[in-house]
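1. what follows is a predicted protein model with its sequence.
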Amino acid sequence: MEEEVVVRGEGVWKIYGSGETAVPALQGLDIQIRRGEMVAFMGPSGCGKTTFLNCFSGLDDITRGTVTLEGTNIHAMTDNEKSRYRAKRTGFVFQSYNLLPVLSAVENVEMPLLVAGVTGRESRQKATAILTDLGLGDRLHHRPSELSGGQQQRVSLARALVSRPAIVWADEPTGNLDEEGSKAVTALLRRLNRDYQQTIVVVTHDPEVAAACDRTVHMRDGKVQP
Amino acid sequence: MATSPDPVIVFLLLVLAGVALLSLALALRHRLAFRIAMRNVRRGGVRTAILVLGLLVGTTIICGSQVVGDTVNELSLHYTYIADGLNDESIYNASPNGSYTAFPYTVYAQLEANVSHAPYVAGLAPEYIGLTQVYDLTTSIPQTDLNLIGVNGNQSQQLGNFVTDSGQSISGPPPGQVLLDDQAASMLNASVGDHVRLYGPTPVTTTIGAIVHDDDRGGFLTAGLGIAGNAFVDLPTAQKLQDAPGLVNYISVTNTGSQKTGVGESDTVSAELNASLATIPGASGLKVNETLKGDLANAATSGSSVSTIFFVLGLFSIAAGALLIVGIFVMLAEERKGEMGMLRAVGLTRRELIYGFYFEGLAYSAGSALAGTALGVGVGYGLTYAFSQLLAGQGLTAAAVLGSFTFTQQTLVVSYVAGFLLTLVTVVAASWRASRLNIVRAIRDIPEPPHAVRTYTILAVLGAVLSVLGGLLFATTFQGTSSVSLPLIGGTMLILGVSLVGSRFLLNRWVFSAMGVGFLLWAGVGPLQQAVLGSAHTGGIEVVFVHGITMVTGALVLYIFNAPLVLRGVSALGGGKGKVSPVTRVALAYPSRQPTRTTVNLAIFSLVVFTLVAIATFGATVAANLENTVTDESGGYTFFGFSAAPIPDLPGMIQNNSSLNAYFSEAVPLITGGIYVNGSGFGSPLGDSVYAAPLGQGAASDFYTTNAFPFTATANGWSASQVMAELKANQTVALVDQSFAAATANVGGGAPSGGSHPSVDIGQAVEVRDPLTGNASRVTVIGILTEGVIPGIWLNPALAGRLGYHSETSYFLSVRAGVSASHAAQLAKAAFFPWGLVLFNFADLLSLSINTTLGFIALLQIFVGLGLAVGIAGMGILALRAVVERRREIGMLRASGFTQRMVLKSFFLEYSFITLLGIGIGTVLGLLIVYNLAHSPSAAASGVSTFAIPYWNLLLILLLSYGFAMAAVAVPSIKASRLPPAEAVRALE
């Protein structure tokens, strides 16, 4: 159904550089992702997967086309509006976790809530709850450097999901993990998608992650392969 | 003839050559490390410029203070040569109150004959020196306080000629004429040819023959307060004026050679003259003084003293600079963790990594020391210029001050080598620390594991050694009169040693927190220190440094081990009720989790602000005590005055003169003279002044009931009025001025000849003797006055008369409320001109001295403020590094919803926290050290009773320190906030 589409891209181009050195990373991408869907984007290195994620999530600007998230043209927003939107409606998971090393696990997780204006007490409760749910109840006050890679990625997931965003963007979430860790995180993503009914967009080249998703979009040279 | 090289310069150049050779050998042996280091130096740009800026501050401070010392030395020499001229030695018999006792001219004639063939004596000139008052009959302007110098031109050719304003050379004052120097001519608005009357026992009317310069021949430079210039007349005129026919009171001796070489033979000439004087009848009491040699030595000491003050206060900035170097190199090492790991992986040893940093540091040190030396010369010139503006008109000219700007070869070499070695040693230490980084842990940001027990055992052993050494130093110095710095350092070492031993057995946080508190209490609580050490210790400017470093270290250690507590408090303030600010959370997380770099920057700001605040507060306290000082020194009177001849019934004359009576409310004549005072521990009798207020003069105020002189100490716990009543009634008691107090006398304060002044205790008996009559008496000291401006001993008037003192030539005068003191002084000086009344306004006298002190303090503040450059550079480097280091984290924050403004705010908040905490620590401790100083026994003895906080000055320091720090972090912070989030989240260092 039309109203279920939360991510819509139409004729999206992203060109780096200009003139003879111009490199088209996305070439007229048309994408639709429905609410509650878990979609994997796959393709060889340099095919434009991460560029797609950055441009469609509003982290980066596009050259041409339109991207609407939950019906709103993200690139028509000002930088501050994009920030506010990200704080309330999206979550991010990165390959290298990108946790703030100077904050503890629970402090990292509650950060998006605090940015969104939630009180300290409520933020702490929600962060603690989701970390406990992810099996990190005994690691709440550990700093990232005191956690394993898999634990750090779970903290990263918790941070992405804690504010119950409409869309979670995950860029190679298992890229830094061993096989066991990779399976655990994939299963977790799937469970969270089901439990919390959140739209999850995963950029990956791990077939097992793709297999766990509702559908897989293959990319090559900045285009979606049929 | 070739001069032999300065051994200090030779030694330092040898040290430099040694370092160069060693470095060359190391470079040849470790070529790869050398090559990498040189590439790293070249990759710099802005960062290299900031690095060099940070590194050169220490050298600049060292060089600047040395150049100031050289210049003050040169200036002192300049004025010494002018003041003494070709007068290498002088022969006179000084009376107890400093005037010269006359002796027969024949003594000179015989001496001249005796030494006429002496190889090093160029010539002798007999002189009569005294004070006179001059009335310019042409301009109708009187002047009461001029030096009178009677000397014959034909007898003083060896002293050189006078030079007139028109450039004409005159051998000496022609008979019937007077020569005035520029200062005297200006005061009298006199011109050549004016008729003037010189006053003395026998007034003389004469003509101004020329107006001459105070140059080599002019001599007797009168930079002293109250002296209006020189009047030169021929010897017979001076003798007539002073009613001293056939007498002289001074013989000027010139050695062979030039002004600068002749002084070298001063010892030989003195011995020869003394031997000759011993054989001449009537020469008893005459003494040969090596005038020029002594004055040159004093000039060198004054240059060295100023240099020391600047250097010691600059030490805080130097320490801050050293900390910055450590910070820079530790950060450089962190920045290059990946490269270091790679280099280790391809086979470079840890030692070669150190060499890499060493070579890099060598290049920075050599360059920054050179730049720092050049900048130091510039800073020295800037300070000299400021001095010239400050001191102009106070006996010195701006042109003379600027003309004295100089720096010696030794200054340049010492500054360069000291700056270079300081930087290099710090770099080597920082490099060693950097090479200790565990590469894997560093890359993965894994915390360093806790130190092994063995480490604490080593620290405990070190602590035990420190405790023993500190204990020994403390035990041998805590009593006595050594510098207070020594027992303070001993106690500090003891606290540190005990803490290190304690860290082996107890939790670090508790042990080192206790150590921090211990440092703060020991150096910061004045009463505690006084209770332990007493008040007999002495100390110079170095005491400020020792106290400052100890207190700042204590505060920093306390912060390091309690940072989470501090941050929790600040977070609570920043977050507001119930709501936690994510900006505050992020901003305050970094300082608490990166203690090394935070502490380095905190220490830098604390040290520099501490010095600035201490100097500013000291200045404010000095100014605030001006009013107290004026009251204490003046006894409530407006003027202290003296006259060349006793004024018969000055109070009555004022009362009967309606215009004077309208201005003056009180007048007290004082019996005055020179006296010898002797007592236990004096060594030899002390020549001093005696004062006694006569009783029962009709119009005179009763000194004993109207004066308001306070006392430092009194007998039997008497009040000031009880002491005065006792002095009035009892012929066996005496009062002494502040220079006799133990606290002042022990530090040489008020010493008449630069030596140590003898001290007396309350109840001590001393012998007083009139040198003219030989009459003596024993008196008991019942009060030590707080004042020191009028030095001397106060006696009962009946006793003074019994001893032989009758001459009333000193006065206290007070003006009525609302009238102009300066106008009153003019009226009184005009009315009592024939007696040569000279008046000193206490308030003017003290404010002039205090204004000079405050100006000097302001210059010190500017000089020390250079240290702020260290703090600014530190902040800039910290912020630059943070942007590079935190790109991914910034990206993540942006992805989490942080706006650009929030990122910017978080950066500013983080650096504001560090800066303001540093400023806070420095301000509190800076205020504390001056508070302790203002409440110390020696301050109380000097009449200091008020501690003043210069709020506006502190606000300025706060704004400048904070403003510059924020300006330094502004560009990196803005850069951080504008990082595109998509690029930032994927950034790899």
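-> All right, it came through fine.

2. what about the nearest residue to A:Val109 once chain neighbours are set aside, which helix or strand?
-> Once flanking residues are discounted, A:Val109 sits nearest to A:Ala127: 3.9 Å by C-beta to C-beta, 6 or more residues apart in numbering or on different chains. C-beta here means a position set from N, CA and C on the backbone, and glycine is covered the same way. Per DSSP states H and E, A:Ala127 falls inside helix A:120-133.

3. longest helix in chain A, by residue count?
-> For chain A, the longest helix by residue count, based on DSSP state H, is helix A:179-196.

4. nearest residue to the middle of the chain?
-> Picking chain A for this. In chain A, the C-alpha nearest the mean C-alpha coordinate belongs to A:Trp169, at 1.4 Å (C-alpha atoms, centre = their mean).

5. please refer instead to chain B.
-> Centre-nearest of chain B using C-alpha atoms, centre = their mean is B:Ile309, 5.0 Å out.

6. so which helix or strand takes in that one?
-> Assigned by DSSP H and E, B:Ile309 falls in helix B:291-335.

7. so B:Ile647, which of the three states?
-> On the three-state scheme (DSSP: H, G, I helix; E, B strand; the rest coil), B:Ile647 is labelled coil.

8. what residues are up against it?
-> Going by C-beta atoms under 8 Å, 6 or more residues apart in numbering or on different chains, B:Ile647 touches B:653, B:669, B:808-809, B:811, B:832, B:835, B:837.

9. what residue in chain B comes nearest to chain A?
-> Nearest to chain A in chain B, going by C-beta to the nearest C-beta, is B:Gly897, at a distance of 2.3 Å.

10. just the element for B:Val414, please.
-> helix B:409-435.

11. check which helices and strands that helix is in contact with.
-> For helix B:409-435, the packing partners by 3 or more C-beta pairs under 8 Å, 6 or more residues apart in numbering or on different chains; DSSP states H and E come out as helix B:7-29, helix B:46-84, helix B:291-335, helix B:350-391.

12. in CSV: those, plus mean pLDDT.
-> Output for those, formatted as CSV (pLDDT from 0 to 100):
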stretch, mean pLDDT
helix B:7-29, 89
helix B:46-84, 78
helix B:291-335, 77
helix B:350-391, 85
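
13. deepest of these, which one?
-> Neighbour counts (mean count of other C-beta atoms under 10 Å in any protein chain shown) averaged over each of the helices and strands packed on helix B:409-435 peak at helix B:46-84, with a mean of 24.

14. the following helix or strand past that helix pairs with which strands, parallel or anti?
-> Per DSSP H and E, the first helix or strand lying C-terminal to helix B:46-84 is strand B:89-92. With DSSP bridges as the test, strand B:89-92 is paired with strand B:250-255 (antiparallel), strand B:287-289 (antiparallel).

15. the shortest one - what's its average pLDDT?
-> It stands for strand B:287-289. Here strand B:287-289 scores 90 as its mean pLDDT.

16. pull the residues that contact it.
-> B:89-94, B:253, B:269-270, B:273-274, B:277.

17. redo that, cut-off 7 Å
-> B:89-91, B:93, B:270, B:273-274 (C-beta atoms under 7 Å, 6 or more residues apart in numbering or on different chains).

18. same thing with stretch A:20-27?
-> A:12-17, A:48, A:51-52, A:55, A:221-223.

19. narrow the residues you listed to those in helices?
-> Using DSSP H, the contacts of stretch A:20-27 in helices are A:51-52, A:55.
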